[in-house]
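Q: dropping a prediction and its sequence here:
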Amino acid sequence: MLYKSELQNKALELQNMLRKQNVSFFFDSNSFKDYSVKITIFTNNKSCGNILIYYKPTRNTYSIKKQLYNSEIDTTIDLAWDKINYFGTYSAESNVYEAFVDGSYIAGITGYGTIIYLGNEIKAEISGTISNTQFRQFGGELRSVIEAVKWCQNNNVKKVRINYDYQGIEKFVSGKWKAKNILSKEYVDFILKTKIEIEWRHIKSHTGNPKNDKADFLAQKAAMRNTQLTNNLHRCKN
């Protein structure tokens, strides 16, 4: 099987983390396929469903897909996956907020999505579309950060960590990438003027981070919703 050793090592890493939560799972040589391994999850000697771990060698990243019917175990696995992949977030006691941001471009519509947490509690879900679609998904990525910072400004947040997958989000601000178009210039100007302390963290896309996936879903949903409205408008005109 292709990449069996890589998948086995990641599965064992997750297994060791879940043992601390009294969750066990089973996999053997028959569980492996090229690029993936299927694992059966148990608690109190009862099956809770399956998870699949995927490996993408071109990016050296892992992702996870869950097929569970126990919401408590689902959350436990998310937290364990976060820890072994260094996706852990600040505790609520730290008073540092976490913003997960993403953009999407679907059928000519650019959407953005932002989810803001304090600890594991969702404090805000923000999504929408932007009128300037010239730069496609790029515009949604930047707008998602702006909306996150605006929310923090309006809610007296002192510090927020921005979790992103598009590297320009941080590199435009740091100056490593030069802001050349109107969207990136407006973005940099806005971020540099805020008085909120921002910490940046890059998270590779499609690596199974549940919070990042939710932001991605919000951005896609916003774009798709607007696409549907546009299509309905065209039908009415016709």
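A: That came through, no problem. Numbers count the residues shown, from 1 in each chain.
Q: can you list the buried residues in stretch 53-68?
A: Of the residues in stretch 53-68, 53-55, 62-64, 66, 68 count as buried by neighbour count, 16 or more other CB atoms under 10 Å. Heads up, the C-betas are built off the backbone N, CA and C, glycines and all.
Q: one more: stretch 22-38?
A: Those would be 23, 25, 27, 31-32, 35-38, for stretch 22-38 by 16+ other CB under 10 Å.
Q: farthest pair in the residues you listed?
A: 23 and 35 (24.5 Å; CB to CB).
Q: element containing the spatially most central residue of the chain, please.
A: Among the residues of the chain, the one closest to the centroid is residue 212, at 0.9 Å (CA atoms, centre = their mean). Assigned by DSSP states H and E, residue 212 belongs to helix 210-237.
Q: do residue 98 as well
A: strand 97-106.
Q: and what of residue 169?
A: Counting by DSSP H and E, residue 169 is found in helix 168-174.
Q: got it, and residue 110?
A: Using DSSP H and E, residue 110 falls within strand 109-118.
Q: what residues does the next helix or strand after that strand touch?
A: Elements were assigned by DSSP H and E; along the chain past strand 109-118, the next helix or strand is strand 121-130. Outside of strand 121-130, the residues within contact range by CB atoms under 8 Å, 6 or more residues apart in numbering are 92, 97, 109-117, 139-140, 143-144, 147-148, 151, 155, 218-219, 221-223, 226.
Q: now the helix or strand following strand 121-130: how far from the chain's centre is it?
A: Next helix or strand after strand 121-130 toward the C-terminus (DSSP H and E): helix 137-154. With CA atoms, centre = their mean, to the nearest Å as the basis, helix 137-154 stands 15 Å off its chain's centre.
Q: got the contact list for helix 137-154?
A: 97, 99, 101-105, 110-114, 116, 124, 126, 128-130, 132-133, 157, 160, 162, 164, 166, 168-169, 172, 183-184, 187, 190-191, 194, 196, 198, 215, 219, 223.
Q: got the buried residues for it?
A: Buried residues in helix 137-154 (16+ other CB under 10 Å): 137-149, 151-152.
Q: partners of the strand holding residue 98 in the sheet?
A: strand 109-118 (antiparallel), strand 159-164 (parallel) (DSSP bridges).
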